[in-house]
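Q: dropping a prediction and its sequence here:
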Amino acid sequence: MPVGSYGIVIEGSSGSLSHNAILTVIVTPSAVADFSVLSSSGVISVTQGASGAATITVLSRNGFSSNVLLFASWLSAAPEDTTFSLPSAITPLPDATATSILRVTTSSSATLGNFTLRVLGVSGSLSHFVDVTVRITGQQCIIATATYGSELSPEVQLLRNFRDNMILKTYVGSSFMTVFNAWYYSFSPNVAEFITQRQALRTPMKFVLYPLVAILRIGAATFSVLPANPETAAVISGLVVTWLLGTSYLALPFSALLMRTSRVRRIARRLEQYLVIVILGTVGPVFVAELFRETLFMMILTPTLILGAMLLSVLLTSRLLVSLYCVLGRRRLS
């Protein structure tokens, strides 16, 4: 019988009496074996340099039990330095499920923001999909977060904004941060845990971090001066921040070392000359590596440039402090 609605008249009679009723019969299509594609989470939140995952489920309907091929693709522009993996074929049992793991992996320089992955399941003429949002966030400034008590504090937000929205959006900056993060995250979790377990340390740590916060404000302002050339802005602001950090944190204790003997001061002056050569010899190759996107060379050159600038700032500032001490105290060093 074709699909549709049909009326059947049922009549009953007894002598001179008769009655009837109409029975409606609805004919529907036979159930078709099919499937659905589901995700355990609508959002995969992953931090730069880490990975996240969601479980993709194929749900059998009406006895479906065929092989389902799974494909994933970005709906818009793909985030840089981000990859995903998804086993391509699964087969559910009739009226049951089968699962596969969608895994997203990012590097420390991955593009920040929200991106959409579409997971498509295909079996013969049947196809269904589910969309999963991939949210890539910056790595936490975990020592600052432990010190200020929240990653939403203005100080932590300043650190993350300078890193995520300025430095990491440049090639030269992201190359340096790859090396820096490998060093920083090798010890910072232990330091952050130590601070978290000892609340009394928060106040002195705030004093320790106060120069850093002020210096990064200067670095952000320096970066904003050259909006048309972010790569150059990243180099200049990085050198400014590095120079001020060396001056603020290391110059004073190193000046005490310079005051001990003339031999130490001679070595320091000779080292200053070498550092000037290293810095001048590194700046040019940094821009060449940036031009040709030579990541390995950039990851070697940028830390060399930054460390050289920091050491030079420490030596020059320490020598200036020693000279001021001698002039104001009217003393001569041995």
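A: Received the coordinates, thanks. All values reported here derive from a predicted model rather than from experimental measurement.
Q: neighbours around Val68, how many?
A: Per other CB atoms under 10 Å, the neighbour tally for Val68 reads 24. All C-beta spots, glycine's among them, are computed from the backbone N, C-alpha and C.
Q: Ser60 too?
A: Close neighbours of Ser60, defined as other CB under 10 Å, add up to 21.
Q: swap in Leu168?
A: By other CB under 10 Å, the residues close to Leu168 number 24.
Q: you'd agree it is in a helix?
A: Yes: judged by DSSP: H, G, I helix; E, B strand; the rest coil, Leu168 forms part of a helix.
Q: contacting residues around it?
A: Neighbouring residues of Leu168 by CB atoms under 8 Å, 6 or more residues apart in numbering: Gln48, Ser109, Leu112, Gly138, Ser174, Met177.
Q: just the closest of the residues you listed to Val241, please.
A: Among the contacts of Leu168, Met177 lies closest to Val241 (CB to CB), at 12.8 Å.
Q: pretty sure the closest one contacts Ser107?
A: No: the criterion here is CB atoms under 8 Å, and Met177 misses it with Ser107 at 10.2 Å.
Q: between those two, which one's more packed in?
A: The residue with more neighbours, out of Met177 and Ser107, is Met177; 24 against 15, by other CB under 10 Å.
Q: and the gap between the more buried one and Glu11?
A: 87 Å (CB to CB, to the nearest Å).
Q: one more: Ile44?
A: 66 Å.
Q: those two: who's more crowded?
A: Between Ile44 and Glu11, counting by other CB under 10 Å, Ile44 is the more crowded of the two (22 against 8).
Q: skipping adjacent residues, who's closest to that one in space?
A: Leaving out its chain neighbours, the residue that sits closest to Ile44 by CB to CB, 6 or more residues apart in numbering is Gly52, at 4.3 Å.
Q: gap between Thr170 and Ser123?
A: 45 Å.
Q: neighbour count for those two, which is higher?
A: Thr170 (23 against 18).
Q: what about Thr196, how many neighbours?
A: When neighbours are defined as other CB under 10 Å, Thr196 has 15 of them.
Q: coming back round to it: can I get the contacts of Leu168 in a markdown table including distance to Thr145?
A: Listed next are the contacts of Leu168 as a markdown table, based on distance: CB to CB, whole Å:
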| residue | distance to Thr145 |
| --- | --- |
| Gln48 | 15 |
| Ser109 | 21 |
| Leu112 | 18 |
| Gly138 | 12 |
| Ser174 | 22 |
| Met177 | 18 |
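Q: which of these count as buried?
A: Buried by 16 or more other CB atoms under 10 Å: Gln48, Ser109, Gly138, Ser174, Met177, out of those.
Q: tell me the SS of the nearest residue to Phe176 once chain neighbours are set aside?
A: The shortest distance from Phe176 to any non-neighbouring residue, by CB to CB, 6+ apart, is to Thr302 (3.8 Å). Secondary structure state of Thr302, per three-state DSSP, is helix.
Q: can you show me the helices along the stretch 1-150 of the chain?
A: Ranges of helices within the stretch 1-150 of the chain are 142-148, based on DSSP state H, counting those that start in this stretch.
Q: any low-confidence regions in it?
A: Residues of the stretch 1-150 of the chain meeting the criterion pLDDT under 70: 1-4, 27-30.
Q: need the strands for it, in chain order.
A: Under the criterion DSSP state E, counting those that start in this stretch, the stretch 1-150 of the chain carries strands at the ranges 4-14, 17-27, 34-39, 43-47, 51-61, 68-74, 82-85, 89-90, 97-106, 113-123, 126-137.
Q: dump those strands to a markdown table, plus distance to Thr147.
A: Formatted as a markdown table, the strands of the stretch 1-150 of the chain follow (distance: least, CB to CB, whole Å):
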| stretch | distance to Thr147 |
| --- | --- |
| strand 4-14 | 73 |
| strand 17-27 | 70 |
| strand 34-39 | 37 |
| strand 43-47 | 20 |
| strand 51-61 | 27 |
| strand 68-74 | 38 |
| strand 82-85 | 30 |
| strand 89-90 | 47 |
| strand 97-106 | 26 |
| strand 113-123 | 28 |
| strand 126-137 | 20 |
